[in-house]
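**Q** the following comprises the amino acid sequence and a computationally predicted model.
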Amino acid sequence: MLPPRLIIWIFLVICLIPLCAYADSASSPSPIAFFNTEPILPIPPVTGLDPAKIALGERLFHDVRLSHNRARSCATCHRVDRSGDDGRPRSLAADGRAYPRNTPTIFNVALNTRYNWDGNQRTLEATSEAALLSPDKMSANWPDLLAKLRSVADDVTAFGEIYNEAPTREHVLDALAVYQR
């Protein structure tokens, strides 16, 4: 068995040989510079989303009618004009008390595989529904929420043009998710 010190030296030599060869190349920067020249690339936008669904989802995202008492919208806590959250160390619950956690950003959520701080949601649709129905957040219920949307001709028309029917739970969640993506 080789002594541990010799194993470490062999490992270092094996790792450094490619770097030394790279540094000897006249046309290449130093090995250290190599790691610092990689640009930070923006995350590519999600493609293939229906602009009409995005517009409807944006409208719903900012609509206080989705909350039980018409006091909050999704945008109350997810400020898209800022960082996609509310900027607070601890968010405010619907009743005004401090919520146990802060609001996670919605920026780049299309790339997430889990949602919420606990990772307890697997889709944007499920995350949106949980927020809508949560007593601490929107405190809505589907019969009342859908009745509000179905009572406004513009909403019925918008849903009809996109989904070919009046607002449904699935369509509300889909529009919200498409907008967030």
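**A** Cool, got the structure.
**Q** helices along the protein, start to end?
**A** 4-24, 31-36, 51-61, 74-77, 124-133, 142-150, 153-163, 169-180 (DSSP state H).
**Q** can you tell me which of these the model trusts least?
**A** With a mean of 52, helix 31-36 has the lowest mean pLDDT of these.
**Q** format the helices of the chain as CSV; extra columns: mean neighbour count and distance to Gly96.
**A** For the C-beta atoms, the positions are set from N, CA and C on the backbone; glycine is no exception. Shown next, in CSV, are those (neighbours: other CB atoms under 10 Å; distance: least, CB to CB, whole Å):
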stretch, mean neighbour count, distance to Gly96
helix 4-24, 11, 57
helix 31-36, 11, 48
helix 51-61, 18, 22
helix 74-77, 20, 12
helix 124-133, 20, 17
helix 142-150, 15, 22
helix 153-163, 15, 29
helix 169-180, 21, 24
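**Q** so which of those helices gets nearest Phe107?
**A** Of all those, helix 169-180 sits nearest to Phe107, with 9.4 Å by CB to CB.
**Q** just the angle between that closest one and helix 153-163, please?
**A** 80 degrees (axes from the mean of the first three to the mean of the last three CA atoms, to 10 degrees).
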